[in-house]
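Colleague: Need coordinates for the below:
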Amino acid sequence: MKLSDFDFDLPNALIAQYPSEKRTDSRLLVAQDSFINATFSQLGEFLKPKDLLILNDTKVIPARLFGRKDSGGKVEILVERLINDFEALVMIKASRAPKIGSYIVLENDKQVKVLDKASGLYKLSFGSNSILTLLNEIGHVPLPPYIERIDGKEDLVRYQTVYAKNDGAVAAPTAGLHFDEPLLSNLNSYGVDHAFVTLHVGVGTFQPVKVEDIKDHQMHSEYFEVCQETVDKIVTTKANGGRIVAVGTTAVRTLESIALQGELSSAKGDTDIFIYPGFEFRLVDAMITNFHLPKSSLLMLVSAFIGIEKMFQIYQYAIEEKYRFFSYGDAMLLDKTL
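Modeller: Next up is the predicted model:
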């Protein structure tokens, strides 16, 4: 398939710049035989007893740093992956690329050293400074590039799920942003259980596919973990006739990654799984997801799940009904049987 097959026109006014006032106030488009306009607070009306929600409990770190080079030139650093407590792989934006062995002075006057560069990422040493401690002191929320404003205090809370636990993401698993604790509790009372996986979302989630033949696209690698408790819940749900409802594309990619390993068991490691039309889903029965960028791997995943024709019907309807798009936008509920 061609990259141009996944393009569409989106009015800029529909790109959400701020979250809804309350998490569950977001709109929810339910795609069944017909389209149903709802709010996220009504999610329980469209799920079934015995369904199992799979939530990504990764925690977004304040991964954007500002500083200056020895020469005085301004530098913007985006932490992509933590190697250990004191080293990280990062993207650097500067008028001139920093030299290997040079130092960058951060806003708090602490220095980091440029150790190496490979595959477009720099390796930085933060010396004896704990990276997470430093990020929590002076780091900024790494809002995606289509949110055209500086981050604020509200984003520290709202660009994070209420169940975020494991530090490491530089982008939020945005479908989970719509949940609050009362909603999760209410769903449990309906007989809808939930379980957690971890996938540390990388900055590559915002990178467009650039090759015309999408089969030639190479996905970025991301770290994931699935515990045995989650595996046991999945097996029990399937045995009892329930559905596995993945909350977000990161949960989908995590589940389908472990499914490809054969017999289900706990797992951790890196995945670069690329899901596009023709992919055979083994675990996921339904999906909650936001509306994604044109020509993105996320849009291709949704197209693989419900078919490209149905995907475009949903997106055209969402545009006509003025749903809000991307990270702080609205959500849709999709069933694989569409």
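
Colleague: Now do Ile131, the pLDDT please.
Modeller: Among the per-residue scores, Ile131 shows a pLDDT of 96.

Colleague: I'd like the distance between the residue of the chain most remote from its centre and Leu106.
Modeller: In the chain, counting by Cα atoms, centre = their mean, Ser71 sits farthest out from the average C-alpha position, at 36.1 Å. For Ser71, the distance to Leu106 equals 16 Å [Cβ to Cβ, to the nearest Å]. C-beta coordinates here come from the backbone N, C-alpha and C atoms, glycine included.

Colleague: Ok, Ile244 next?
Modeller: Where Leu106 is concerned, Ile244 sits at a distance of 43 Å (Cβ to Cβ).

Colleague: Looking at these two, which is more packed in?
Modeller: Ile244 (24 against 20; other Cβ atoms under 10 Å).

Colleague: what's the burial count for the residue nearest to that one when sequence neighbours are not counted?
Modeller: In space, and not counting its chain neighbours, Ile244 is closest to Asp285: 5.0 Å by Cβ to Cβ, 6 or more residues apart in numbering. For Asp285, the neighbour count with other Cβ under 10 Å is 17.

Colleague: Equivalent analysis for Met1, please.
Modeller: 15.

Colleague: same thing with Met311?
Modeller: Met311 has 24 nearby residues by other Cβ under 10 Å.

Colleague: cool, the one 4 residues further on as well?
Modeller: One way to gauge burial is a neighbour count; for Tyr315, by other Cβ under 10 Å, it gives 21.

Colleague: tell me the contacts of it?
Modeller: Neighbour list for Tyr315: Phe8, Phe291 [criterion: Cβ atoms under 8 Å, 6 or more residues apart in numbering].

Colleague: Now name the helix or strand holding it.
Modeller: Under the criterion of DSSP states H and E, Tyr315 resides in helix 308-320.

Colleague: As CSV, could you dump the C-alpha coordinates of that helix?
Modeller: Only the C-alpha atoms of helix 308-320 are listed here, as CSV (Å, rounded to 0.1, in the frame of the first residue of the first chain):
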residue,chain,number,x,y,z
ILE,A,308,-9.1,1.4,5.5
GLU,A,309,-12.6,2.2,4.0
LYS,A,310,-14.3,2.1,7.3
MET,A,311,-11.5,4.1,8.9
PHE,A,312,-12.0,6.9,6.4
GLN,A,313,-15.8,6.8,6.9
ILE,A,314,-15.3,7.3,10.6
TYR,A,315,-12.7,10.1,10.1
GLN,A,316,-14.9,12.0,7.6
TYR,A,317,-17.9,11.8,10.0
ALA,A,318,-15.7,13.0,12.9
ILE,A,319,-14.5,16.0,10.9
GLU,A,320,-18.1,16.8,9.9
